[in-house]
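S.K.: Okay, structure incoming, though there's no sequence with it:
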């Protein structure tokens, strides 16, 4: 079983957006099936417009599980990427100690300094004039396994807690990589990490 992720023992109130990614829908092979996905995203240089449904230029293939008002933006702690690369290498997906680029897991925002157990459902993230609201953890699907290159990737996400979280857009505006953000506390009853574990039975059966 993968160990749970731990952040420094302190309350995180500020952080930084290291990079911003968008992606278009493209073909994806899952076993013998040819599907479509926008999970692989690439970094955007310069300011990016953010509306109620997400970043300009970003797409989602399956609107029943991705996108919409409550899942307009997907954020992931950038600190998780080396761990994910280590899992791929340990399973022989890659022979090289390569670095996963931001956006590989489908994240729109690569954040620094904010972990799943430190942020709660209903918390706000204020980035200048933009205000985002944490709505739920990311729940991995079969396409995630295909992109990561091994069958237990979704299970690893749930067991490790390295899932990231979805955000609604309460105040649209312009985002840019390098911007700092402030966490605005909400009700603080359920952390993203706890919310993921409440849903975990679906993936760990």
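M.R.: On my side now, so go ahead. What you see is a predicted model, and the numbers here were worked out from it, not measured in a lab. Residues are numbered from 1 along each chain as shown.
S.K.: Now residue 18: phi and psi?
M.R.: phi -70, psi -40 (degrees, to the nearest 10).
S.K.: what's the nearest residue to it if we skip its chain neighbours?
M.R.: The shortest distance from residue 18 to any non-neighbouring residue, by CB to CB, 6 or more residues apart in numbering, is to residue 110 (4.5 Å). C-beta: built from backbone N, CA, C; applies to glycine.
S.K.: Tell me which helix or strand the one you found sits in.
M.R.: For residue 110, the enclosing helix or strand under DSSP states H and E is strand 109-112.
S.K.: cool, residue 146 as well?
M.R.: helix 142-148.
S.K.: Now do the buried residues in that helix.
M.R.: By neighbour count, and taking 16 or more other CB atoms under 10 Å as the criterion, the buried residues in helix 142-148 are 143, 144, 145, 146, 147, 148.
S.K.: just stretch 18-37 next, same as before
M.R.: 18, 19, 20, 21, 22, 23, 28, 37.
S.K.: Now, the residues you listed that are in helices?
M.R.: Judged by DSSP state H, the buried residues of stretch 18-37 include no members of helices.
S.K.: now, among these, which is nearest to residue 64?
M.R.: The shortest separation between residue 64 and any of the buried residues of stretch 18-37 is 13.4 Å, and it belongs to residue 37 (by CB to CB).
S.K.: close enough to count as contact, the closest one and residue 144?
M.R.: No - in this structure residue 37 lies outside contact range of residue 144 using CB atoms under 8 Å: 9.4 Å.
S.K.: Show me how far the helix holding residue 146 is from its chain's centre.
M.R.: For helix 142-148, the distance from its own C-alpha centre to the chain's C-alpha centre is 14 Å (CA atoms, centre = their mean, to the nearest Å).
S.K.: Show the subsequent helix or strand relative to that helix.
M.R.: Where DSSP H and E defines the elements, the next helix or strand beyond helix 142-148 is helix 153-160.
S.K.: and that next one, what does it pack onto?
M.R.: For helix 153-160, the helices and strands in contact under the criterion 3 or more CB pairs under 8 Å, 6 or more residues apart in numbering; DSSP states H and E are helix 81-90, helix 142-148, helix 201-204.
S.K.: got the buried residues for the first one?
M.R.: For helix 81-90, a neighbour-count test (16+ other CB under 10 Å) marks 81, 83, 84, 85, 87, 88 as buried.
S.K.: Report the distance from it to the chain centre.
M.R.: That offset, for helix 81-90, works out to 16 Å (CA atoms, centre = their mean).
S.K.: So which other helices or strands are in contact with that helix?
M.R.: Using 3+ CB pairs under 8 Å, 6+ apart as the contact criterion, the neighbours of helix 81-90 among helices and strands are helix 142-148, helix 153-160.
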